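Colleague: Coordinates for the following, if possible.
(4 chains)
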2 protein chains.
Amino acid sequence: MTVSKTAEKSSEKAGDATRGRKDAAGGPPEALQLGELSEQLGYVLKRAQLKVFENFLRCMASLQLTPAQFSVLLLVEKNPGRNQTEIASTLGILRPNFVAMLDNLESRDLCARIRSTNDRRSHILVLTDKGKAVLARAKKLVATKHESRLNELLGQANREALLEMLSKIANEF
Amino acid sequence: MTVSKTAEKSSEKAGDATRGRKDAAGGPPEALQLGELSEQLGYVLKRAQLKVFENFLRCMASLQLTPAQFSVLLLVEKNPGRNQTEIASTLGILRPNFVAMLDNLESRDLCARIRSTNDRRSHILVLTDKGKAVLARAKKLVATKHESRLNELLGQANREALLEMLSKIANEF
DNA sequence: TGATAATTGTTATGGACCATATCAAATATC
DNA sequence: GATATTTGATATGGTCCATAACAATTATCA
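Modeller: Below is the predicted model:
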């Protein structure tokens, strides 16, 4: 990289498009037209996902939990006694990248790796007492501060319909 | 980082959870229970977004356009004569990160930077003829291969309802 | 007008996330 | 018992995202 040729070329085939801003009077900044972009599912989906994660992080600021960390705690709680590979793969996390995540959660005493006695290669994952307590508080925060806002914005019925359609896309697309 | 203490601790407060896999017979791998995870909007939203982007990339393989690049071309076509800052900011791209993106598109002769005569600091963005042609082909591919599959999966009415709800989240959340 | 502030594109840089190759220890397979 | 596979881990590189800083240019305003 580090090319950055300042593009002196091809300025002939653009007609007289070099007017720039400030053409006539000093009207308002003239917001851009999104055009077909607002109909592109991928675009809207990504923007919505960023907003939801952003709000999630705000709601979880006191517990310092990211969406990914929250999903790990939820899955370990629901499936105690599973190893790293199983938890990571069902979350779509690659095993190498899961190591640092667990190092973090374990250093905060939220979950623990336990060497399995049946298969001494694998680490069984469990929530610590503190992990269970933190997860319980996290669930309350998500329900009262995060998901509730979705209900206000969309309505209960619409929120459920949205979830169903997204699940369909995630699973059958 | 690079801590990786193998966590020999806290194996007493986990009861006898060290059974690991292969407890009784050699039944099927026993898929994990997602539990409340499948009700978390953020989780489902993210999974759906990844699937949609993945499919988008497959549909665009012949044109080598990413979702972000496609959105830039769309926006420049709809708003000719705008500068880098305007295009980047409405897409949520920071100006420093937009430079390499434009270097790429310009090196492929899809768009061009033109020094504005009104404000010689700014670069006016326009699509080249090749850029317009490629974008036209991209739109056809998206419509026939990408968005059409969404209609098959959800139905026209549901697809529109989904888009509306996502827009609401993206704009009002 | 001229000194100062603000804007534009750019570079450098660091962090977070994602993907692959590889390894030692342990287990499975034959 | 030799070979292959699995598990957790490390190293590494790529991409995306965010901040600071800079030169050139323009805006501001005393």
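Colleague: Quick one: mean pLDDT for the longest helix along chain A?
Modeller: Across chain A, the longest stretch assigned as helix under DSSP state H is helix A:41-59. Averaged across helix A:41-59, the pLDDT comes to 98.
Colleague: Tell me what angle it forms with helix B:41-59.
Modeller: For helix A:41-59 against helix B:41-59, the angle by axes from the mean of the first three to the mean of the last three Cα atoms, to 10 degrees is 150 degrees.
Colleague: For the residue most central in space within chain A, give me its contacts.
Modeller: For chain A, the residue whose C-alpha lies nearest the mean C-alpha position (Cα atoms, centre = their mean) is A:Phe53; its distance is 5.0 Å. With contacts defined as Cβ atoms under 8 Å, 6 or more residues apart in numbering or on different chains, the neighbours of A:Phe53 are A:67, B:42, B:46. All C-beta atoms are positioned from the backbone trio N, CA, C, and that covers glycine.
Colleague: ok, so of these, who is nearest A:Thr90?
Modeller: B:Lys46 (14.2 Å; Cβ to Cβ).
Colleague: So for the closest one, what's the nearest residue that isn't a sequence neighbour?
Modeller: Residue nearest to B:Lys46 in three dimensions, not counting chain neighbours: A:Gln49, with 5.7 Å by Cβ to Cβ, 6 or more residues apart in numbering or on different chains.
Colleague: How much space separates the one you found from B:Arg159?
Modeller: Going from A:Gln49 to B:Arg159 by Cβ to Cβ, to the nearest Å gives 18 Å.
Colleague: Show me where chain A has its strands.
Modeller: A:111-115, A:123-127 (DSSP state E).
Colleague: rewinding a little: any idea how far the residue nearest to B:Lys46 lies from DNA strand C?
Modeller: Between A:Gln49 and DNA strand C the computed distance is 11 Å (Cβ to the nearest atom of the strand, to the nearest Å).
Colleague: one step back: quick one: which of the strands of chain A is nearest DNA strand D?
Modeller: strand A:123-127 (4.0 Å; Cβ to the nearest atom of the strand).
Colleague: Is there proximity between that closest one and DNA strand C?
Modeller: No. Against DNA strand C, strand A:123-127 shows no contacts by Cβ under 7 Å from any atom of the strand, the least distance being 11.5 Å.
Colleague: what does stretch A:160-173 give?
Modeller: No. Using Cβ under 7 Å from any atom of the strand, stretch A:160-173 never reaches DNA strand C; the gap is at least 14.0 Å.
Colleague: So for that stretch, mean pLDDT?
Modeller: Throughout stretch A:160-173, pLDDT has a mean value of 97.
Colleague: list the buried ones in it?
Modeller: Within stretch A:160-173, the residues scored as buried using 16 or more other Cβ atoms under 10 Å in any protein chain shown are A:161-163, A:165-170, A:173.
Colleague: Ok, stretch A:86-93 next?
Modeller: Across stretch A:86-93, burial judged by 16+ other Cβ under 10 Å covers A:86-88, A:90-91, A:93.
Colleague: Kindly report the same for stretch A:43-56.
Modeller: A:43-53, A:55-56.
Colleague: Could you do stretch A:98-109 as well?
Modeller: A:98, A:101-106.
Colleague: what mean pLDDT does that stretch have?
Modeller: 98.
Colleague: That stretch close to DNA strand C?
Modeller: No. Counting by Cβ under 7 Å from any atom of the strand, DNA strand C has no neighbours in stretch A:98-109; the shortest distance is 7.8 Å.
Colleague: ok, so what distance separates A:Thr144 from DNA strand D?
Modeller: Taken as Cβ to the nearest atom of the strand, the span from A:Thr144 to DNA strand D is 26 Å.
Colleague: now the strands of chain A in JSON lines, with distance to DNA strand D and mean neighbour count?
Modeller: Listed next are the strands of chain A as JSON lines, based on distance: least, Cβ to the nearest atom of the strand, whole Å; neighbours: other Cβ atoms under 10 Å in any protein chain shown:
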{"stretch": "strand A:111-115", "distance to DNA strand D": "6", "mean neighbour count": "23"}
{"stretch": "strand A:123-127", "distance to DNA strand D": "4", "mean neighbour count": "23"}
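Colleague: quick one: which of those is nearest B:Glu147?
Modeller: Nearest to B:Glu147, of those and by Cβ to Cβ, is strand A:123-127 at 40.3 Å.
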